[in-house]
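Colleague: Provide a 3D model corresponding to the input given below.
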Amino acid sequence: MTQRLQFNPLSPEFHEDPYPFYARLREAEPVHRNAMGNWLLTRYDDVAAVLRDNRFGVHSMSGNLRSKKRFLGQDQTLDTLAATVDQWLMFLNPPDHTRMRRLVNRSFTPAAVKSLHAQVERTVAALLEPVRQTGKMDIINDLAVPLAVGTISSILGVPPEDGKSVLRWTEALSHIVDPLRSLEEYLEMDQVAGEFMEYFRVLFQERRREPRNDLISLLVSDQKGEEITENDLLSVCTNLFAAGQKTTVNFIGNGMRALLSNPEQLVLLRERPEITSGAMDELLRYDSPVQLITRLSREEVTLRGRTIPPKSIVFLALGAANRDPQQFPDPDRCDLTRKDIRHVAFAPGTHFCTGAGLAHLEGQIAISALVREFDDLALVSNVVELESEVIFRGPKSLPMTFTPRIAQDAR
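Modeller: Residues are numbered from 1 along each chain as shown. The predicted structure follows:
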């Protein structure tokens, strides 16, 4: 008798490479219910449909955090962390989601993102300058992380000298979406949330006194004429950092790992720069920076003959959908010339990633610069340590070697 497949995100094999498991489940049981009573969807059509289906919403993270009170000590709470994420876009349903999204949309329109092109190019060049003569770099920590955090800081108006503190807070809070965190980690995040929110409260006061050309100044100005609370503003700022950083960093890390594992594609990108924009979509499809997202069924839903009860947690496997052979022929092949790449890496639908355009821009400029400037980039090791997360997928670090620029110039 064939053993029934079970979705176990804690499995080391799944963590290292989820795609073979996705393929088996997509074929045998595309609407899968695990031992915990949660559901997992792995086919492209199902994932894309549920992302746009109003019968599914998102769960309240703040409510979930407050419910953990019964497991904490007498003087312990997660109230500060709950207040921080209370208005995060990914945890809101309409009409609250619509109201909060309106606060930030102006800074992430296609025109607004396009206007950042030169700035992102300068940032990438500045980050690469110190490593050019060393012959080595860590693409994650030397380039991707400071690029992502620095760009969001610039949009909001966070002073560069506060970068180290902001990075520490951002890294800590980015784990909030991961379902496998311990109570101790939640308590640490609660403390970080308090520090992060207090930092922004002070910055809000400064921008009220002396407005600048940044998003925080715009937000505190809007607060005067609309029903925008202080907590709304705090949620917007912390949300942009925590969610935006991970997506961009994983995109760059996964994208470069894919290119270095498929050197003929790296050469193709170097020789045909005109395919760059489409190539970025293929890299996002091939190894998605966000692998899983959750939805909550609002009512009973029947899908492929299986009945999902109301209030069920449904995992949408974006990574599996992006490797579905019914949507993408030969899906396990990285093909930068692939056409019509309608991937779901940014979760199209009501909760479409606000910063998708910015992440695409940052990834394109960073990856293009690496491919163009270093013609002999190589992984230090084929064994790449991944972040210990379920929702996100990306390298913890990605050490590279190359011929130092000074040696290249001397040839």
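Colleague: neighbouring contacts of the strand or helix carrying residue 102?
Modeller: Assessed by DSSP states H and E, residue 102 sits inside helix 96-104. When contacts are defined by C-beta atoms under 8 Å, 6 or more residues apart in numbering, helix 96-104 is touched by residues 87, 89, 92, 215, 219, 222, 228, 232, 235-236, 240, 350-351, 354. For glycine as for every other residue, the C-beta is placed from the backbone atoms N, C-alpha and C.
Colleague: moving C-terminal of it, what's the next helix or strand?
Modeller: Next along from helix 96-104, by DSSP H and E: helix 110-114.
Colleague: If we go by neighbour counts, what in that next one is buried?
Modeller: residue 113 (16 or more other C-beta atoms under 10 Å).
Colleague: Check stretch 113-132 too.
Modeller: 113, 116, 120, 123, 124, 127, 128, 131, 132.
Colleague: wait, which of those residues is closest to residue 370?
Modeller: Of all these, residue 128 has the smallest distance to residue 370: 7.9 Å, by C-beta to C-beta.
Colleague: Measure how buried residue 401 is and give me the count.
Modeller: 15 (other C-beta atoms under 10 Å).
Colleague: That one against residue 381, yeah?
Modeller: No - here residue 401 lies out of contact with residue 381, judged by C-beta atoms under 8 Å, at a distance of 10.4 Å.
Colleague: helix/strand/coil for the closest residue to residue 323 other than its chain neighbours?
Modeller: Nearest residue to residue 323 in three dimensions, chain neighbours excluded: residue 331, at 4.3 Å (C-beta to C-beta, 6 or more residues apart in numbering). The assignment at residue 331 comes out as coil when based on DSSP: H, G, I helix; E, B strand; the rest coil.
Colleague: Surely residue 331 touches residue 321?
Modeller: No - using C-beta under 8 Å, residue 331 makes no contact with residue 321, being 10.0 Å away.
Colleague: and the two? which has more neighbours close in?
Modeller: Of the pair residue 331 and residue 321, residue 321 is the one with more neighbours under other C-beta under 10 Å, namely 27 against 22.
Colleague: Can you give me every residue that contacts the more buried one?
Modeller: 41, 42, 43, 44, 46, 47, 48, 327, 344.
Colleague: and the residue nearest to residue 79 when sequence neighbours are not counted, what does it touch?
Modeller: Counting by C-beta to C-beta, 6+ apart, residue 79 lies nearest to residue 66, which is 7.1 Å off, once chain neighbours are set aside. Listed by C-beta under 8 Å, 6+ apart, the contact set of residue 66 reads 78, 79, 82.
Colleague: what's the closest of those residues to residue 302?
Modeller: residue 82 (34.3 Å).
Colleague: so which helix or strand takes in residue 197?
Modeller: Using DSSP H and E, residue 197 falls in helix 183-209.
Colleague: which helices and strands does that helix pack with?
Modeller: Counting contacts by 3 or more C-beta pairs under 8 Å, 6 or more residues apart in numbering; DSSP states H and E, helix 183-209 packs against helix 79-85, helix 163-173, helix 215-225, helix 230-261.
Colleague: check contacts around the residue nearest the centre of the chain.
Modeller: In the chain, the residue lying closest to the centroid (C-alpha atoms, centre = their mean) is residue 247, at 2.3 Å. By C-beta under 8 Å, 6+ apart, the contact list for residue 247 reads 289, 290, 346, 353, 355, 359.
Colleague: got it, and residue 5?
Modeller: Contacts for residue 5 were tallied using C-beta under 8 Å, 6+ apart; they are 21, 24, 25, 28, 29, 32.
Colleague: Those into JSON lines, with extra columns for secondary structure and neighbour count?
Modeller: JSON lines is the format used below for the contacts of residue 5 (DSSP: H, G, I helix; E, B strand; the rest coil; neighbours: other C-beta atoms under 10 Å):
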{"residue": "21", "secondary structure": "helix", "neighbour count": "20"}
{"residue": "24", "secondary structure": "helix", "neighbour count": "12"}
{"residue": "25", "secondary structure": "helix", "neighbour count": "22"}
{"residue": "28", "secondary structure": "helix", "neighbour count": "12"}
{"residue": "29", "secondary structure": "coil", "neighbour count": "16"}
{"residue": "32", "secondary structure": "strand", "neighbour count": "20"}
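Colleague: and of those residues, the nearest to residue 147?
Modeller: Among these, and counting by C-beta to C-beta, the member closest to residue 147 is residue 21, at 31.8 Å.
Colleague: okay, now the nearest residue to that closest one once chain neighbours are set aside: neighbour count?
Modeller: Nearest residue to residue 21, sequence neighbours excluded (C-beta to C-beta, 6+ apart): residue 14, at 5.5 Å. The tally of other residues near residue 14 (other C-beta under 10 Å) stands at 16.
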